[in-house]
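In: Task: produce atomic coordinates for the following.
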Amino acid sequence: MTFIGDHPQRLPELFEGMTHWPQARLVVGVTGAPGSGKSTVTDHMIAEYRQRFPQRRIGVIAVDPSSPFTGGAVLGDRVRMMRHATDPLVFIRSLASRGHLGGLTLGAKGVLRIMGLIGCDVVFIETVGVGQSEVEVAGVADLVMVVLAPGQGDSVQMLKAGLMEIGDLFVVNKADLPGAQTLHRNLLQSLSLDQGAEHDCQHAKSAGAGTAEDGPLISLRKKGLPDVFMAAANDHVGIDEIVDGLEAKVEGHSDQWRQRREDMLVDEIRESVLEEARRRLDQTLGNNGRAGDRLGQVLRGEMSVAQMAQELLERTAESKRNLK
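Out: Numbers count the residues shown, from 1 in each chain. Purely as a prediction, here's the structure:
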């Protein structure tokens with residue numbers, strides 16, 4: 001997993017000669033605002049699954065934000081799950097976001113494939129937690145769980161930026177704190193209003209009164225209202241109901257999710273090819289003073305961006321030929 005995390009562009013090499021790629025039964029994306037308790041909820045869901053299904057493997061991909069100054073990451077999510085470190089059937093892989101704003105990295109998608117290969121039944125993907133850029137997890141996970149907590153300002157309004165549309169389950173964590181009931185009530189009201197807006201927009205489209213661009217964003221992932229749970233993860237309160245909700249959604253959807261993940265493979269290989277091309281072009285450009293001089297030509301109008309790109313492509317190809 002270290003190999004694919006550090007060199008995600010080599011993901012297609014894993015599929016060489018394989019006609020069938022094992023997959024997890026369920027992939028759950030866990031997202032939400034920083035401090036909402038995503039790691040604690042994930043930690044207790046792992047414990048609940050291990051108790052219910054002691055023979056099944058559990059995988060966790062924890063993506064932590066990278067420092068914009070040093071490029072490093074604390075990888076603190078793994079620290080919060082240390083009680084599972086000695087469990088041979090729990091695999092936890094921490095990854096740094098490395099500045100990727102979508103909440104995931106290409107390496108995370110490769111690690112997910114490997115966790116299917118080693119037989120993980122359920123995989124949790126805990127994202128960075130940076131607001132609307134977290135929507136990328138919806139393209140990878142079967143179900144997206146959004147974790148909220150009271151005392152973080154107008155959390156529901158923040159979710160309107162994108163997370164509201166991708167959530168299949170919502171968890172109001174820290175239910176023992178003041179304001180949790182109010183947050184729960186506001187969330188239910190907001191979800192109901194969103195559902196009504198989606199219905200009106202779809203009705204308008206069927207009547208020929210505009211397109212999806214003319215109205216609110218329509219979720220293509222789910223139908224009906226998402227499930228909403230109350231929990232106090234530190235005390236393991238409400239975790240069993242969350243797992244019940246996850247398992248209920250698996251029934252009747254597992255084949256559909258498996259096919260969706262197989263269809264995504266081509267896009268992941270495309271990303272790998274583009275990542276390798278970007279890496280080689282970056283090496284050709286370099287980071288020294290000469291590279292600055294060349295880029296200065298673009299600023300001075302002596303060369304267009306298209307001409308610079310073409311020159312980099314030709315120099316990269318020439319370097320490759322010289323190595324043979």
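In: alpha carbons only for contacts and neighbour counts from here, please
Out: OK.
In: In three-state terms, label Gly29 for me.
Out: For Gly29, the assignment made with DSSP: H, G, I helix; E, B strand; the rest coil gives strand.
In: how close does it sit to Ala62?
Out: 10 Å (C-alpha to C-alpha, to the nearest Å).
In: Overlap of the contact sets of these two?
Out: Shared contacts of Gly29 and Ala62, defined by C-alpha atoms under 8 Å, 6 or more residues apart in numbering, comprise 125-127.
In: Turn those into CSV, columns for pLDDT.
Out: Output for the shared contacts of Gly29 and Ala62, formatted as CSV (pLDDT from 0 to 100):
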residue, pLDDT
Ile125, 91
Glu126, 87
Thr127, 81
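In: from these, which ones fall inside strands?
Out: Under the assignment DSSP state E, the shared contacts of Gly29 and Ala62 contribute 125-126 to strands.
In: now could you export just the CA positions of stretch 253-267 as CSV?
Out: Extracted in CSV, the C-alpha atoms of stretch 253-267 (Å, rounded to 0.1, in the frame of the first residue of the first chain):
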residue,chain,number,x,y,z
HIS,A,253,-27.6,-2.5,-4.0
SER,A,254,-24.5,-4.5,-3.7
ASP,A,255,-24.5,-5.7,-7.4
GLN,A,256,-25.2,-2.2,-8.6
TRP,A,257,-22.3,-0.8,-6.5
ARG,A,258,-19.9,-3.4,-7.7
GLN,A,259,-20.7,-2.7,-11.3
ARG,A,260,-20.3,1.0,-10.7
ARG,A,261,-16.8,0.4,-9.2
GLU,A,262,-15.8,-1.7,-12.2
ASP,A,263,-16.9,1.1,-14.5
MET,A,264,-14.8,3.6,-12.6
LEU,A,265,-11.7,1.6,-13.3
VAL,A,266,-11.2,3.2,-16.8
ASP,A,267,-11.4,6.7,-15.3
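In: Give the buried residues for that stretch.
Out: Of the residues in stretch 253-267, 257-258, 261 count as buried by neighbour count, 16 or more other C-alpha atoms under 10 Å.
In: Now do the strands in the stretch 101-250 of the chain.
Out: 120-126, 143-148, 169-172, 227-230 (DSSP state E, counting those that start in this stretch).
In: which of the ones you listed sits most buried?
Out: Comparing the strands of the stretch 101-250 of the chain by mean neighbour count (mean count of other C-alpha atoms under 10 Å), strand 143-148 ranks first with a mean of 26.
In: Show me what that one is packed up against.
Out: strand 26-32, strand 169-172 (3 or more C-alpha pairs under 8 Å, 6 or more residues apart in numbering; DSSP states H and E).
In: neighbouring strands for that strand, and are they parallel or not?
Out: Applying DSSP bridges, strand 143-148 is found paired with strand 26-32 (parallel), strand 169-172 (parallel).
In: Could you tell me which residues make contact with the residue lying closest to Gly179 once chain neighbours are set aside?
Out: Excluding the flanking residues, the one nearest Gly179 by C-alpha to C-alpha, 6 or more residues apart in numbering is Pro150, at 5.5 Å. Neighbouring residues of Pro150 by C-alpha under 8 Å, 6+ apart: 172-175, 177-180, 183.
In: Make JSON lines out of the residues you listed and add pLDDT.
Out: As requested, the contacts of Pro150 are arranged in JSON lines below (pLDDT from 0 to 100):
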{"residue": "Val172", "pLDDT": "93"}
{"residue": "Asn173", "pLDDT": "94"}
{"residue": "Lys174", "pLDDT": "93"}
{"residue": "Ala175", "pLDDT": "93"}
{"residue": "Leu177", "pLDDT": "92"}
{"residue": "Pro178", "pLDDT": "92"}
{"residue": "Gly179", "pLDDT": "90"}
{"residue": "Ala180", "pLDDT": "90"}
{"residue": "Leu183", "pLDDT": "89"}
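In: Fine by me, thanks again.
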